[in-house]
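>>> what's the 3D shape of this:
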Amino acid sequence: MPGEAIPLIRCVRRIWPSAAGADGITAHLREDRRHIRDTDIERLMDEISLPLNLEMASTPEMIDIALRHRPHAACIVPEKREERTTEGGLDLEGNYEPLRTTIERLSSAGIRVSLFIEPDPAHLDIARSLGAPVVELHTGAYCLAGPGVERDAQFRRIANAAAHAGAIGLECHAGHGLCFDTVAPVAALPDIVELNIGHFLIGEAIFGGLESAIKRMRSLMDKARADATGNAAHDHRPRQRPDRHQTDRKNARQVRRPFPRNRIFTETERAKSERRANRVESYAKRFAAKEACSKALGTGFRKGVFWCDMGVVNLPGGKPTMALTGGAAKRLTEIVPDGMEARIDITLTDEPPIAEAVVIISAVPASTGK
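Residues are numbered from 1 along each chain as shown. Sure thing, here's the model as predicted:
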């Protein structure tokens, strides 16, 4: 029925979307709370292990909510009370200064900001000037157009915009209205590294279950990507062992793909690993270190602790340690007793095909430092 929503938290608890093939969860907290409520955001932050992308309007209320919960990412979208769902991209020129301030405030809190925009190169240039690291292209016109000339024309707009985003250094996502019939061409575009698909999957879940809907969508996306690149379809999410990461050819292909690197490794880590002759092994050791550190924090990748909150860095003498930001830094503060400070010791080993890391967090008297 119009205006009603399926209880998202119950869906999430019944079948973890990650097990079915999802890489993240997007939740839109609207001003009128027609989709979800404030308590849903609190529960999602506490109960899911996937990165949370908060769709939100650029308003003081929503900015305060985002800063309070500090999700992995926030996608700024336009909002009108009379619309049933988001109907188009942001007016970047008309809201330039407010958007710039919003991006600065959220980014300074460690939240990765994206702007929901029309697939137009001019809009991408404005987004870059605003300082947004990510854009999400509105695919609504493409999805609404019937098969044929109009849909082809709308798809070319998306393809051209995605290529322009890559050329000017923006991470490019896409979404809105995508379904089983329209997802493959967009998923095949090499410059698009993330698709946000929600309403259609929940609708399908009513009839066939959420797990089935996600798995079918994931299969269509992976096949389209594989067909476009000429590789056999494979799960691009890293295979995980406790504190270990395999470095075989399958995972070597995964490391070359932009989506996992941007979402898992910090800019410093990517810069260092890309300079290494043994690039795959370098990434694998850092990946293992993040797993080990999340366990040492006692959270895993839950309760607001995300991959990019933890980065392997080197002390002046060359000894590796972990630099924590965002939810990981907050958790570290919570577990260190008063009058003490944290010391993070890390050991990295690489014996192909396994990379392994050990992370030990100790509390030492604040007066003694290291």
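
>>> can you pull out the strands in the stretch 151-300 of the chain?
Here the stretch 151-300 of the chain has its strands, by DSSP state E, counting those that start in this stretch, at 171-175, 192-196, 240-241, 244-246.

>>> list the contacts of stretch 62-70.
29, 31, 38, 41-42, 45, 54, 56, 74, 102, 105-106, 109-111, 304, 326-327, 330 (CB atoms under 8 Å, 6 or more residues apart in numbering). For every residue, glycine as well, the C-beta is placed using N, CA and C.

>>> kindly report the same for stretch 310-325.
Residues outside stretch 310-325 that contact it (CB under 8 Å, 6+ apart) are 110, 265-266, 268-269, 285-286, 289-290, 293-294, 308-309, 328, 332, 344-346, 348, 359.

>>> and for stretch 99-112?
Contacts for stretch 99-112 (CB under 8 Å, 6+ apart): 58, 63, 66-67, 70-74, 76, 90, 92, 113, 115, 130-134, 308-309, 325-327.

>>> buried only: go through those for me.
With neighbours counted by 16 or more other CB atoms under 10 Å, the contacts of stretch 99-112 contain buried members at 58, 63, 66, 70-74, 76, 90, 92, 113, 115, 130, 132-134, 308-309, 326-327.

>>> which of the residues you listed fall in helices?
Among those, DSSP state H puts 63, 66, 130, 326, 327 in helices.

>>> dump these to TSV, plus pLDDT and distance to residue 210.
Listed next are those as TSV, based on pLDDT from 0 to 100; distance: CB to CB, whole Å:
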residue	pLDDT	distance to residue 210
63	95	31
66	94	26
130	95	35
326	90	28
327	89	26
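
>>> out of those residues, which is nearest to residue 213?
Using CB to CB, residue 66 is the member of these that sits closest to residue 213, with 28.1 Å.

>>> chain neighbours aside, what residue packs nearest to the closest one?
residue 74 (5.2 Å; CB to CB, 6 or more residues apart in numbering).

>>> thought that neighbour was touching residue 57?
No. In this structure residue 74 lies outside contact range of residue 57 using CB atoms under 8 Å: 10.6 Å.

>>> and the helices in the stretch 1-150 of the chain?
Using DSSP state H, counting those that start in this stretch, the helices of the stretch 1-150 of the chain run over 8-14, 17-20, 38-47, 60-69, 96-108, 121-130, 140-144, 149-167.

>>> okay, the ones you listed in TSV with distance to residue 281 next?
Output for the helices of the stretch 1-150 of the chain, formatted as TSV (distance: least, CB to CB, whole Å):
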stretch	distance to residue 281
helix 8-14	35
helix 17-20	26
helix 38-47	34
helix 60-69	36
helix 96-108	31
helix 121-130	33
helix 140-144	40
helix 149-167	27
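
>>> which stretch among the ones you listed approaches residue 221 most closely?
helix 17-20 (12.5 Å).

>>> close enough to count as contact, residue 300 and residue 294?
Yes. Taking CB under 8 Å as the definition, residue 300 is a contact partner of residue 294 at 5.1 Å.

>>> re earlier: same list (the ones in helices among the buried ones among the contacts of stretch 99-112) but as a markdown table, adding distance to residue 119.
Formatted as a markdown table, those follow (distance: CB to CB, whole Å):
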| residue | distance to residue 119 |
| --- | --- |
| 63 | 26 |
| 66 | 25 |
| 130 | 17 |
| 326 | 30 |
| 327 | 32 |
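
>>> out of these, which is nearest to residue 141?
residue 130 (22.9 Å).

>>> which residues does that closest one contact?
Residue 130 touches 92, 96, 99, 100, 103, 115, counting by CB under 8 Å, 6+ apart.

>>> switch to 10 Å and redo it
76, 90, 92, 95-97, 99-104, 113, 115 (CB atoms under 10 Å, 6 or more residues apart in numbering).

>>> just residue 344 next, same as before
289, 293, 296, 310, 320-324, 332, 359-362.

>>> go again using 6 Å as the cut-off
Residue 344 sits next to 321, 322, 361 when contact means CB atoms under 6 Å, 6 or more residues apart in numbering.

>>> that's a strand at it, yeah?
Yes. According to DSSP: H, G, I helix; E, B strand; the rest coil, residue 344 belongs to a strand.

>>> show me what it is bridged to.
Under the criterion DSSP bridges, residue 344 forms beta bridges with residue 361.

>>> who's more crowded, residue 300 and residue 294?
Neighbours per residue, other CB atoms under 10 Å: of residue 300 and residue 294, the larger number sits with residue 294, 23 against 11.

>>> contacting residues around the more buried one?
Per CB under 6 Å, 6+ apart, neighbours of residue 294: 300, 301, 305.

>>> can I get the residues you listed in TSV with pLDDT and distance to residue 314?
Shown next, in TSV, are these (pLDDT from 0 to 100; distance: CB to CB, whole Å):
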residue	pLDDT	distance to residue 314
300	78	25
301	75	24
305	84	22
